[in-house]
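Novice: Model the structure of this input:
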Amino acid sequence: MYMRDMLRKREAEDVAAAAVAVAIPLWPAAVPVLLIALVLAVAWGHFRSGAGLCHPSWSTSLPWMAGFYILHVIGLGWSSNMDLGMFDLQVKLPLLVFPVLLWLGARSSFDPAPVSVTFVRACVLAVVVDLVRSTWTIGSMALARNGPLPSAYTLSKALFGEGFSPHLHPSYFAMYLTFALGLVAFGTAFRGWGGRTRWGLALVLVIGVVLSASKAGWILALALGVGVLIVHRNERRWRRWGGLAIIAGGLVSALSYARVEFVHERIAQVLGTVHEAGPDPHASNSTDLRRLVWQAAEQLVRAHPIIGVGTGDVKDALQQVYVERDYTGAAERHLNAHSQYLNSWVALGLAAPLLLLFSCWIPLIVAFRRRESVAGIFFLLNGLNWTVEAMLEVQAGVVFFAFFSWLLVLDRSHGDRSANFAAHDPVQPSPHR
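Specialist: Next up, the predicted model:
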């Protein structure tokens, strides 16, 4: 219905924004082209309407995002690897593009709520497509007649993690799906939907989070579920179905841990860190590798605390420490710091993580003060995931954060007409035209 309404209106901003929302979880390779289309659509709408320029409030993420990008441009001044530096600026360009789009403004009738619905539907479709693909792969492997039957571990790898989500890194996919769960639970665009429909969408999204095999994704999705129950604790239906969902999820998780070797291995990696004095320098599992690269990043932060090593030199500097410390697994994979705060500090010094904190945690505090559940979930998901993933080093993390930060601000301009994300207007028209 929302998509038909947008196409009927034939407004370029609506169609372009919806297309980006579809591509983020379903077709990442198409995102750059669709972003160009969105920029052109918003620019054309601005010049056609003759509207004045807008200035975002410092309580939103967009000014801090732009400052973070500009700092990376400045950081080229003390970089030696200019090729990597220019590539990094290209990847992070949406962090500057979307503040500029807000500066240009959007037409007053632009409503981000249908875009959020489109995003949820795209996430559900992505889970279904990946589940069908994984099932087909497992069936093909099990029925193959040209060799021995694959082990249970091999079969489970085709259903979990990268085997489940080959088109998108599982950690990013889990974050998208968890945010989609937040939209279904708290987004006003879904309040008129039937309870069975919303529970059905939630079930598919939860299955996707589980099969993504992202440890952070599991923890944050569980936290979201508990938060939903707390918010709706006075509603009998939510208590009943939510409680049953958590019990069923716990039973499935326990059964998976006991019977699915891949899941058992993932959880055992985390539990093993409690008993280890320190990770093996030659470790290859994701949990120990993170601990190793954090140690390497910490060494570089101590050596270059103020201005960092430069925009283009962060990977080279980390790689040098990996080799010096004989971190063979990290060196072979050429890993980044696997923490956005640490990775940015290594690259550009103390100012970079401070800008990250401002871009995420200031709007998070504002969202909680205004009881804006969806905005709070969005910024909390990003801020926490940034502690264990360098998500702004790749398109999947940059576009997700920049695009929805932009939509959140635009949604506030609708006030009570939409209020899908928030309810107050931080966009201040400029007196200059």
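Novice: okay, now the nearest residue to Phe119 once chain neighbours are set aside: neighbour count?
Specialist: Leaving aside its sequence neighbours, Phe119 sits nearest to Ala21 (C-beta to C-beta, 6 or more residues apart in numbering; 4.0 Å). In this view, the C-beta of every residue, glycine as well, is placed from N, C-alpha and C. For Ala21, the neighbour count with other C-beta atoms under 10 Å is 25.
Novice: wouldn't Ala21 be in contact with Thr118 here?
Specialist: Yes - in terms of C-beta atoms under 8 Å, Ala21 counts as a neighbour of Thr118; the distance is 4.7 Å.
Novice: rewinding a little: helices or strands up against the helix or strand harbouring the residue nearest to Phe119?
Specialist: Per DSSP states H and E: Ala21 is located in helix 12-26. The contact analysis (3 or more C-beta pairs under 8 Å, 6 or more residues apart in numbering; DSSP states H and E) places helix 12-26 against helix 2-9, helix 31-49, helix 113-143, helix 170-186, helix 395-412.
Novice: would you list the ones you listed in JSON lines and tack on mean pLDDT?
Specialist: Listed next are the helices and strands packed on helix 12-26 as JSON lines, based on pLDDT from 0 to 100:
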{"stretch": "helix 2-9", "mean pLDDT": "47"}
{"stretch": "helix 31-49", "mean pLDDT": "86"}
{"stretch": "helix 113-143", "mean pLDDT": "91"}
{"stretch": "helix 170-186", "mean pLDDT": "93"}
{"stretch": "helix 395-412", "mean pLDDT": "93"}
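Novice: Kindly reformat those helices as JSON lines containing mean neighbour count.
Specialist: Shown next, in JSON lines, are the helices and strands packed on helix 12-26 (neighbours: other C-beta atoms under 10 Å):
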{"stretch": "helix 2-9", "mean neighbour count": "13"}
{"stretch": "helix 31-49", "mean neighbour count": "16"}
{"stretch": "helix 113-143", "mean neighbour count": "18"}
{"stretch": "helix 170-186", "mean neighbour count": "26"}
{"stretch": "helix 395-412", "mean neighbour count": "25"}
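Novice: still on that earlier bit, Provide a list of residues in contact with the residue nearest to Phe119.
Specialist: Val115, Ser116, Thr118, Phe119, Ala122, Phe403 (C-beta atoms under 8 Å, 6 or more residues apart in numbering).
Novice: Nearest spatial neighbour of the last one, chain-adjacent residues omitted?
Specialist: Right, the one you point to is Phe403. Val20 (6.0 Å).
Novice: Tell me the buried residues in stretch 74-90?
Specialist: Going by neighbour count (16 or more other C-beta atoms under 10 Å), the buried part of stretch 74-90 is Gly75, Leu76, Trp78, Ser79, Asn81, Leu84, Gly85, Asp88, Leu89.
Novice: So which of those belong to helices?
Specialist: The helices, defined by DSSP state H, take in Gly75, Leu84, Gly85, Asp88, Leu89 from the buried residues of stretch 74-90.
Novice: dump the residue contacts of the first one.
Specialist: With C-beta under 8 Å, 6+ apart as the criterion, the residues that contact Gly75 are Gly85, Ile307, Gly308, Gly310, Thr311, Gly312, Ala347, Leu348.
Novice: Go ahead and confirm the fourth one touches Gly85.
Specialist: Looking back up the chat, that one is Gly310. Yes - shown here, Gly310 and Gly85 form a contact pair, counting by C-beta under 8 Å, at 7.1 Å.
Novice: where along the stretch 151-300 of the chain do the helices fall?
Specialist: For the stretch 151-300 of the chain, the helices defined by DSSP state H, counting those that start in this stretch occupy 152-157, 170-186, 195-212, 215-231, 236-259, 261-275, 286-303.
Novice: quick one on the thing from earlier: among the contacts of Gly75, which one has the most neighbours?
Specialist: Using other C-beta under 10 Å as the neighbour test, the contacts of Gly75 are led by Ala347, with 31 neighbours.
Novice: Would you check how far apart it and Leu125 are?
Specialist: Using C-beta to C-beta, to the nearest Å, Ala347 is found at 36 Å from Leu125.
Novice: go on, Asn336?
Specialist: Distance, Asn336 to Leu125, using C-beta to C-beta: 30 Å.
Novice: Could you do Arg371 as well?
Specialist: Counting by C-beta to C-beta, the separation of Arg371 from Leu125 is 31 Å.
Novice: And for Ile246?
Specialist: Per C-beta to C-beta, Ile246 is found 26 Å from Leu125.
Novice: before we move on, what about Gly139?
Specialist: Distance of Gly139 to Leu125, computed by C-beta to C-beta: 21 Å.
Novice: what does Leu410 give?
Specialist: Distance from Leu410 to Leu125, counting by C-beta to C-beta: 24 Å.
Novice: One more: Thr178?
Specialist: 17 Å.
Novice: Ok, Ser80 next?
Specialist: The gap separating Ser80 from Leu125 is 44 Å, by C-beta to C-beta.
Novice: next one: Asp326
Specialist: Taken as C-beta to C-beta, the span from Asp326 to Leu125 is 45 Å.
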